[in-house]
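A.B. asks: Okay, predicted coordinates and the sequence, questions at the end:
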Amino acid sequence: MHAIRKTGSLFLVLLLFISATGQTSDPAKMKTFIDALMKKMTVDEKIGQLNLVVGGEATTGSSVSQDVDNKIRNSNVGGIFSITTPARIRKTQEIAVNNTRLKIPLIFGMDIIHGYKTAFPIPLGLSCSWDLKLIEQSARIAAQEASADGLCWTFSPMVDISRDPRWGRIAESSGEDPYLGSAIAKAMVKGYQGTNLAANNTILACVKHFALYGAGEAGRDYNTVDMSRVRMYNEYLPPYKAAIDAGVGTVMTSFNEIDGIPASANKWLLTDLLRRQWGFKGMVVTDYTSVNEMIDHGLGDLKTVSALSLKAGVDMDMVGEGFLKTLKQSLSEGKVTMAEIDRACRNILEAKYKLGLFDDPYRYCDENRKNEIFTEANRKQARLTAAKSYVLLKNQGDILPLQKKGTIAVVGPLANSRENILGTWAVTADYSNPPKSLRESLAEVAGSGVNIVYAKGANVSEDSALEARVSVFGKKMERDNRPAAELIDEALKAAAGADVIVAAMGETAEMTGESSSRSELTLPASQQALLDALMKTGKPVVMVLFTGRPLVLSKEDKQLPAILNVWFGGSEGGLAIADVLFGDINPSGKLTTTFPRNVGQIPIYYSHKNTGRPLAGNEFQKFRSNYLDVSNEPLYPFGYGLSYTTFSYGEVSVSNKSPKGAQKLTATVTVTNTGKRAGDEVVQLYIRDVVGTNTRPLKELKGFTTISLKPGESKQVNFTISPDDLKFYNHELKYDWEPGAFTIFIGPNSRDLKSTDINWSK
């Protein structure tokens, strides 16, 4: 066995034991192995396991680990992230295996957020497919590629519920809904971890950010979060719980505070809730330097916050090295206990054990697996996934799909951009093979029968200070320094001979993501000026919208006949846009976040509660809950998305209007394709608990399914509903359902629904 040849006699017996018994087959055998190992470890060696360092460039903070190789030799490192390739990882692993007393292998992680070398759509876009198998497959491919490149741990999925599009990291989320978010969390964990973590093509998942990170005040990253326990349990905690139930191996703490205590020092969160209530048995790692950042939160010096973090339930300190530098002194002073250090060390060693690293530290360093990375099959899957994530927001007069003939003017600041299509947090993508731009993709998919003309038309923004702030990772806005009027004139000349104009507008990749909050969500003035000029030509204009968040599109919705939201589609995103624009794929994506009419409506989400003075209808009424200057209704509701065909919904029927106790009922609707093209439709089920001991949302998503229909075809769609679908946490945090009146809704989105009423008794 390769690992035995590399390991000294002190560890030989234990390794032989693993090889003979099978590392992950029996928790009792794992305990026996870890017990024996920890008896040999000194306090310093145990504390060293709690230290996670960055081996490459900093990606989420300004701190970079120093003198990493010597720290490994001194048994002061338990894991490394941000280094890749089997050769480099093997070389680093050899330091731990050949140059430390106990030869304990390192764990190697990376921010693999939406694909590895083959980039898939950003998570917000991916969620708009509503296709759990497709989502799981994206994580499976990411795990396959990452593990072939030496990695065994990803800091994904991010499952934070987000209802504020000002927050840049909404791009990494699955949107605003806990039911859908929970389903996606399970799919992602299953995709990454598979059924056997010791297999060399699966990787350890890390659900983040625990907890409530997506609810930062004012949509500002890293900001304060404050909410009731009832809201936590019903709306924000379910996706984390779903990931735990799916067997996620690690959990990452969040930067924000909960009940006035930062997450990385919050014992109620990390021990009482996560471990005791939910039964989590894995490893807890902090986010980047979040232990150190509690000093600025006002909890004390580094020694104090490090002790608080360990005692709260943190196992591994990411980059900050507060554990490494202070825990031994805190132990001598009685500020922490040996049992707490042992707990953290054990959880880390168990993660390595489950990955098979004690059996073979080089399990993920097989150079022969290079052919599993960025394959044609993976890219084909990414292309289909991207197309399924795009959401058709408007298509007045059936301008889309485009015909593969005539002349198409492709204009806009993002029309010829390549790297931006990858989106935020694509740090592992294959930049040597960037996506084809929209311009290139349209030409390739259209073929020789279409004349493509191009003009930039405008910069993304004329604000040079903004450009500098969003280009910290090297993805430039690709500025053209000519005067704005000259750029517009060039676009108008290109448009003059065109049959249709495709305008590529929106955000660049790094205008969203971490530390990319925005207070204004409209298109920049430079892009609005270009659209105004294009509309004056009288030509049909199709806006292809690149974005990592809901934008305010009230003007564009009135102005433009067609809008296709393509998020950031990943490695094959450009070709997928062309597939949809030309109708080779009929769009079926549905929004997983509500689009506001203006920023003053934020936060806006479909599952809000009523008030004692609800607005009846859409017209302003004094002394009712509404605005003087804008409707309460969003521009585009949750679940919304058009198709190149149309669907009609029949009336909702139920198998039992008066179910009792544990009985189940079936809700049924007939959906018909009333258009001229085959298409997919995401049919959505919502339920309202009409009367309760606690106020309840106006509606909550409780089911969805995708159906495919040919023109004129009808299908009956059935949803099975049980009392489990009616449960919620009340003011005493008791999880149960209450008898009474319920409304069952089924439809194409959260607004346009058919309904029926039932009464469910106990």
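C.D. replies: Yep, it's here.
A.B. asks: which residues of the stretch 451-600 of the chain fall in helices?
C.D. replies: For the stretch 451-600 of the chain, the helices identified by DSSP state H, counting those that start in this stretch occupy 464-469, 484-496, 525-535, 554-559, 573-581, in order along the chain.
A.B. asks: Could you tell me which other helices and strands the last one packs against?
C.D. replies: With contacts defined as 3 or more C-beta pairs under 8 Å, 6 or more residues apart in numbering; DSSP states H and E, helix 573-581 has these neighbours: helix 376-389, helix 438-446, strand 541-546, strand 562-565. Any C-beta I mention is one placed from the backbone N, CA and C, and that applies to glycine too.
A.B. asks: Sketch out the low-pLDDT regions of this structure for me.
C.D. replies: 1-25, 56-64, 472-476 (pLDDT under 70).
A.B. asks: Could you measure from Lys354 over to Pro27?
C.D. replies: As defined by C-beta to C-beta, to the nearest Å, Lys354 lies at a distance of 10 Å from Pro27.
A.B. asks: Please report how far Thr375 lies from Ile122.
C.D. replies: Here the distance between Thr375 and Ile122 works out to 21 Å (C-beta to C-beta).
A.B. asks: more neighbours, the two?
C.D. replies: The residue with more neighbours, out of Thr375 and Ile122 and counting by other C-beta atoms under 10 Å, is Ile122; that gives 32 against 15.
A.B. asks: Surely that one touches Ala429?
C.D. replies: No: here Ile122 lies out of contact with Ala429, judged by C-beta atoms under 8 Å, at a distance of 11.5 Å.
A.B. asks: between these two, what contacts are shared?
C.D. replies: Residues touching both Ile122 and Ala429 (C-beta atoms under 8 Å, 6 or more residues apart in numbering) are Gly570.
A.B. asks: thinking again about what came up before, in JSON lines: the helices and strands packed on helix 573-581, plus distance to Thr508.
C.D. replies: Formatted as JSON lines, the helices and strands packed on helix 573-581 follow (distance: least, C-beta to C-beta, whole Å):
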{"stretch": "helix 376-389", "distance to Thr508": "18"}
{"stretch": "helix 438-446", "distance to Thr508": "14"}
{"stretch": "strand 541-546", "distance to Thr508": "8"}
{"stretch": "strand 562-565", "distance to Thr508": "16"}
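A.B. asks: Indicate which one of these is closest to Asp725.
C.D. replies: Across the helices and strands packed on helix 573-581, the minimum distance to Asp725, taken as C-beta to C-beta, is reached by helix 376-389, at 26.4 Å.
A.B. asks: how about that closest one: buried residues?
C.D. replies: Using 16 or more other C-beta atoms under 10 Å as the burial criterion, the residues of helix 376-389 that qualify are Asn378, Arg379, Gln381, Ala382, Arg383, Leu384, Thr385, Ala386, Ala387, Lys388, Ser389.
A.B. asks: Please apply the same query to stretch 447-459.
C.D. replies: Under the neighbour-count criterion of 16+ other C-beta under 10 Å, stretch 447-459 has Val450, Ile452, Val453, Tyr454, Ala455, Lys456, Gly457, Ala458, Asn459 buried.
A.B. asks: what does stretch 195-206 give?
C.D. replies: Taking 16+ other C-beta under 10 Å as the basis for neighbour counts, the residues of stretch 195-206 that come out buried are Leu197, Ala198, Ala199, Asn200, Asn201, Thr202, Ile203, Leu204, Ala205, Cys206.
A.B. asks: As CSV, these with secondary structure would be great.
C.D. replies: Compiled in CSV, these are given as follows (DSSP: H, G, I helix; E, B strand; the rest coil):
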residue, secondary structure
Leu197, coil
Ala198, coil
Ala199, coil
Asn200, coil
Asn201, coil
Thr202, coil
Ile203, coil
Leu204, strand
Ala205, coil
Cys206, strand
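A.B. asks: Tabulate those residues (TSV), appending distance to Lys46.
C.D. replies: Compiled in TSV, the buried residues of stretch 195-206 are given as follows (distance: C-beta to C-beta, whole Å):
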residue	distance to Lys46
Leu197	23
Ala198	24
Ala199	29
Asn200	28
Asn201	31
Thr202	27
Ile203	25
Leu204	21
Ala205	25
Cys206	22
